[in-house]
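1. Take this sequence and fold it.
(chains A and B)
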Amino acid sequence: MSSTRDEKAARIRHFLATEGDAVAEGTRGFNAGRYESVARLDDYEELKDRARAIKEDAIERLPELVDQLRESVEANGGTLYVADDADDANRYIREVAERKDAETLVKSKSMTTEELEVNDALQSDGVDVVETDLGEWVIQLADEAPSHIVAPAIHKSREGIADLFEATFDTEEPLETAEELTAFAREKLGERIAEADVGMTGANFIAADSGTLLLVTSEGNARKSAVVPDTHVAVAGVEKIVPSVTDFQPFVELIGRSGTGQDITSYISLLTPPVDSPTVEFDDPDVPMTAGGTERDGSSVPSRTSDREFHLVLVDNGRMAMREDEQLKETLYCIRCSACANSCGNFQSVGGHAFGGETYSGGIATGWETGIEGLDVAAEFNDLCTGCSRCVNACPVKIDIPWINTVVRDRINRGEGGRLDFLVEGLTPDAEPGGLDLGKRFFGNFSTVAKLGSATAPVSNWLAGTRPARRLLAETVGVDPRRELPAFRRETFRAWFERRGGSEVPQARARREAVVYPDLYTNHVQVERGKAAVKTLEALGVHVVVPDVPSSGRAPLSQGMVSTAEGHAHEVYAALAEHIDADRDVVVVEPSDLAMFRREYEKFLAPKSFERLDMHSYEVMEYVYGLLHAGAESTLLSAPDERDADERDADDAGVAYHSHCQQRTLGLESYTVAVLEDLGYDVVTSETECCGMAGSFGYKREYYELSMDVGEPIREQFEAADAADRAVVASGTSCLEQLDALLSRPTQHPVELVAPR
Amino acid sequence: MTTATLSTFERSLGRLDVESTRTSADELGETLASVTLDPVVGAPLPFENYSLPDWIRTDPTPAELEQAKTGVTAAEMAVADYGSVVIRATPDATEQVSLFPDVHVAVVRAADVVPGMPEAFERLAEWTAEGDSAIVATGPSATADMGALVKGAHGPKEVHVVVVE
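-> Residues are numbered from 1 along each chain as shown, chains lettered A, B, ... in the order given. Next up is the predicted model:
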């Protein structure tokens, strides 16, 4: 266990050091571009809904669409082959190449052919395979694997590419600028395209009704690869079929924006092969392309006709089985845009060589690699999804990518065989299999740990802080010794509330009644923010109750312990239902728990129950915002000029706010900002997707360094000149802990800032 | 096509740094002379009332294609919202002429400019139903694979749109 953690840590450290900077620059640029580009669409949400609906329908009817597509392709004069697996696909493609006596085959970028490893198969037959996409060509020359599904060489710097070209081609002139490198590649690859016997492309989408392939590109290499040689082989996953050409439209508007932040890429090719364009015979340079038979000077040459040949190879390779798997099925809706990779804090830091499997990388790769390669491959990188959910709104086909990662984590947990461990067993009242990783079990059962921690505080905190205890924690459950542990409070939030005698606002005079949900952290660790929430709501005329409600199940869910989390969902709903019946609102301080109520519980509760809880639960600052807009007096809260002068300059109203990743996915960041601004604070918000702590992720020994690297942009932003003097507030427990580690000034929850003093 | 659609198209082209020129059928030859660099190759225009001037060589050889600085083709449709021109793949090598030379000059009839992608794909569905192929081309060829955005990867570095009213 321990050595596996060390190996993982070493591997991540390696990629952070060697590829992290280039990947970070590229992906963060794509991600920023995505926000700008989708904002220019009036009907972004509607386009996503349509794209999703088209994919749902297509996957549902896939066998029928394959039959229809076969008819269309054959009617056009091409052939369609459905390959069961990679070997089957490669065998077919090799036969085509052999029949054509192909010496050179030019390829445009295709992840599906990476999955097949078709280059190796063809090269073993003596076919010279040349990648013509500039990024893919760099990777081919370097003998590496793509680190990103759209920009395969994103991990390479310009200098690295220049060195590679120099070493490979012994170039006379040094190549330095991107223009020089591109011109060099264009010339070299132009020669290879001119002599090619076969052109191979992928396909982003295929229309069953006409046999039309849609290719999304920017360089023009796919156009040349398809049009110059007389033989075109297109390779695509069988899931790429949509019913008709009109179905292409929402995808064309979404794919570039979602991926690289381009409104549209330079070329959207709609090829209905065999295409009408004449082949380009560079061997007969003086024969007009169209007529054949006569040179410009009138002399005659052997006539040539453009008898184009087209093969469409549809690859199953596990996809039809994924279609039958209720949880993995959604993966087949993926259009490989890379938004989930670009919006992922961990991916931005470490790239696809760490956060990826045999072929695919980024959040959705867990689904692909599980379906195509198997759980063992997915297990190698699945933990890098922290469930922060920042990819959820970015996905143009609305795939719940964190859920796929959670389900796969659960399957991995269950697949490892039954090893029980006495040490953690007592702390783990869960429904999970015995072989579950001790760290997962520890973090997944944090509710038990927290209860024991509070019951025995402060002794538990002193003990946990001692070196023998830290070593034990590191070795058994993998808590990184560099992390400060949460300090459990002897008096829990609920105990405090009981001791003060319940709400200070009597029911009879109350504007509203609300439950303040005593989440695990607010109850045992961040008790002050619970008190602040109660005082704030009471100042605004709310009668508050703090009942005994179980923990939400976020902790076990994040470890892939789905059935344990589901148990929590039912218990929480049972405990809250009577309050909702009594017309009480449910106010939640911890955003990750609110996200459970509003997102994940949909998977666990009966639809009506989910809807009731969803409708009646609020993030605390969202609720404050609602109260203020319903007429509550904001003067009862703490505005900047009332701040304690000892804490900072009385006239300093500056706030640096980091919302919580799951809170932002729910669209709830703006309420906190609005409340703070209404009270007179001057707010800057963090630009980062996730702080890097992500629940227990950053505590784990193997991920500590990655977690700190993911947090680096927020540290830079909040320590920059325009933010360095601002008070730091953050909504999530783990965000506060991460910011405490990253920054040297104190942090607090926004409700503590505004609570009456 | 409304004048608003045409203005939208021109604004979109402006955002892409693609120059556009409005002209008439009578003045097409002069306009093309002013926006092309020699040597020029072309693909015949599929429009009824006018064609390319004689000085533009159509039906080029591979060698002429490679040596050409400018390729002139029709774009039988354009998409205002995106500044895209739609090039049909025809037996007279429209696709190659639009792809190989450094400069692509696309001749668009004002009436063929549609507002957005929904309209464009309605029409593209009709074309492809007949077995045709087409390229929705937006701005010049580009790559970011060499460490910075570069215009002119495997295709044209520059695009010029001539709108015939």
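2. Phi, psi for the one residue sitting closest to the centre of chain B please.
-> Nearest residue to the geometric centre of chain B (CA atoms, centre = their mean): residue B:106, 2.5 Å. Dihedral pair for residue B:106: phi -110, psi 130, per degrees, to the nearest 10.
3. so where's chain B uncertain?
-> Scanning chain B for pLDDT under 70 picks out B:1.
4. coming back round to it: tell me what the residue nearest to the centre of chain B is bridged to.
-> Judged by DSSP bridges, the bridge partners of residue B:106 are residue B:73, residue B:161.
5. Enumerate every residue touching it.
-> Counting by CB atoms under 8 Å, 6 or more residues apart in numbering or on different chains, residue B:106 makes contact with B:73-75, B:78, B:85, B:87, B:98, B:137, B:159-162. In this view, the C-beta of every residue, glycine as well, is placed from N, C-alpha and C.
6. nearest residue to residue B:66 other than its sequence neighbours?
-> Using CB to CB, 6 or more residues apart in numbering or on different chains and skipping the chain neighbours, the partner closest in space to residue B:66 is residue B:100 (6.6 Å).
7. Give me the three-state assignment for the most centrally placed residue in chain A.
-> Nearest residue to the geometric centre of chain A (CA atoms, centre = their mean): residue A:340, 3.4 Å. Under DSSP: H, G, I helix; E, B strand; the rest coil, residue A:340 falls in the helix class.
8. Could you list the residues in contact with stretch A:592-599?
-> For stretch A:592-599, contacts defined as CB under 8 Å, 6+ apart pick out A:389, A:517, A:519-520, A:551-554, A:557, A:565, A:569, A:572, A:586, A:588, A:613-614, A:617-619, A:660, A:662-663, A:665-666, A:668, A:695, A:732-734.
9. now stretch A:630-644
-> If you take CB under 8 Å, 6+ apart as the criterion, stretch A:630-644 is touched by A:511, A:536, A:539-541, A:624, A:628, A:650-653, A:678-681, A:753-757.
10. Which members of the residues you listed are positioned in helices?
-> Those of the contacts of stretch A:630-644 mapping onto helices are A:536, A:539, A:624, A:628, A:678, A:753-754, per DSSP state H.
11. Out of those residues, the closest to residue A:344 would be?
-> Set against residue A:344, the nearest of the ones in helices among the contacts of stretch A:630-644 by CB to CB is residue A:753 (29.9 Å).
12. List buried residues within the contacts of stretch A:630-644.
-> Buried residues within these, counting neighbours by 16 or more other CB atoms under 10 Å in any protein chain shown: A:536, A:539-541, A:624, A:628, A:652-653, A:678-679, A:681, A:753-755.
13. Could you look up the next helix or strand downstream of the helix or strand residue A:670 falls within?
-> Secondary structure assignment for residue A:670, by DSSP states H and E: helix A:669-678. Next helix or strand after helix A:669-678 toward the C-terminus (DSSP H and E): strand A:682-685.
14. Give the pairing partners of that following strand; include direction for each.
-> By DSSP bridges, strand A:682-685 pairs with strand A:654-658 (parallel).
15. what's the average pLDDT for the partner strand?
-> What strand A:654-658 shows for mean pLDDT is 96.
16. So which bits of that strand are buried?
-> Buried positions in strand A:654-658, judged by neighbour count with 16+ other CB under 10 Å: A:654-658.
17. So the closest residue to residue A:256 other than its chain neighbours: helix, strand or coil?
-> Closest residue in space to residue A:256, ignoring its immediate chain neighbours: residue A:262 at 4.1 Å, by CB to CB, 6+ apart. Here residue A:262 is recorded as coil under three-state DSSP.
18. residues contacting residue A:262?
-> Counting by CB under 8 Å, 6+ apart, residue A:262 has contacts A:33, A:37, A:218, A:256.
19. And what about the most far-flung residue of chain B relative to its centre, helix, strand or coil?
-> Each residue of chain B has a distance to the centre, and by CA atoms, centre = their mean the biggest one is for residue B:147: 28.2 Å. State at residue B:147, reduced to three classes by three-state DSSP: coil.
20. Settle this for me: residue A:710 is touching residue A:348, isn't it.
-> Yes. Counting by CB atoms under 8 Å, residue A:710 touches residue A:348, with 7.2 Å between them.
21. the more surrounded of these two?
-> Using other CB atoms under 10 Å in any protein chain shown as the criterion, residue A:710 and residue A:348 rank with residue A:710 on top: 31 against 26.
22. which phi and psi does that one have?
-> Here is the backbone geometry of residue A:710 (degrees, to the nearest 10): phi -60, psi -30.
23. Secondary structure element holding the closest residue to it other than its chain neighbours?
-> In this structure, residue A:710 finds its nearest non-sequential neighbour in residue A:692, 3.0 Å apart by CB to CB, 6+ apart. Under DSSP H and E, no helix or strand contains residue A:692.
24. All set, thanks.
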